[in-house]
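Undergrad: Task: produce atomic coordinates for the following.
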Amino acid sequence: MEHALAAEEASLVARVAAGDRGAPLAELYRRYEGRLYGLGLRLLGDPGLAEELVQETFVRLWRNAPRFDAARGSVSTFVFTLARRIAIDLWRRPSSRPFAPPPEELVAPGDAMDRLVVGLTVRDALESLSPAHREVLELSYSGDLKQTEIAERLGLPLGTVKTRTYYALRALKLALEERGLDA
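TA: Alright, predicted model coming up:
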């Protein structure tokens, strides 16, 4: 299902790149506007700047749609990478700056925003795995369960859990490499 969603969003961006700026762009806006606005509020601390971040992200998406490469990452990674650059530009603009120090997310370019983009990329890679592989990894890392506990919870033999984990990690490594992240 997630793979179908990623393919659908990639198709929307391809249609924008081909010159269709109506329905595909409106659909992408509907899907990302709220998350981008929330990101803008968190990073910039101002509703007006957050709205500007959303609008400028879609202007740049429209202009840069031909550069999108689904083999390098998901549409969400592409969109949030654009938004990160725009947030930095907005913060640096003299009329945007309050008298307070900048948020931590914008102080060091490689910190919080990069973690956000990497996190989105990892989530996208995880969602590309089969449900069985994703389940053992999520229980192991997010659920902080040992393999014996995973086997008990899923009602599977320990050997099956070990095998799934092994192949899930291999598939995740490949999915991350496909998205431009070295695992």
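Undergrad: What mean pLDDT does stretch 3-23 get?
TA: Taken as a whole, stretch 3-23 has a mean pLDDT of 86.
Undergrad: before we move on, what about stretch 40-47?
TA: If you average the pLDDT over stretch 40-47, you get 83.
Undergrad: Could you check how far that stretch is from the centre of its chain?
TA: For stretch 40-47, the separation from the chain centroid amounts to 19 Å (computed by CA atoms, centre = their mean, to the nearest Å).
Undergrad: Report the buried residues of that stretch.
TA: By 16 or more other CB atoms under 10 Å, the buried positions in stretch 40-47 come out as 40, 43-44. Heads up, the C-betas are built off the backbone N, CA and C, glycines and all.
Undergrad: cool, stretch 28-44 as well?
TA: Those would be 28, 31-32, 36-37, 39-40, 43-44, for stretch 28-44 by 16+ other CB under 10 Å.
Undergrad: what about it, distance to the chain center?
TA: Chain-centre distance of stretch 28-44: 12 Å, with CA atoms, centre = their mean.
Undergrad: Kindly report the same for stretch 9-16.
TA: 16 Å.
Undergrad: How about stretch 51-67?
TA: Worked out by CA atoms, centre = their mean, stretch 51-67 lies 16 Å from the chain centre.
Undergrad: Okay, helices next: where are they in the protein?
TA: Taking DSSP state H to define them, one finds helices in the chain at 2-17, 23-44, 47-64, 75-92, 104-107, 112-127, 131-141, 147-154, 158-178.
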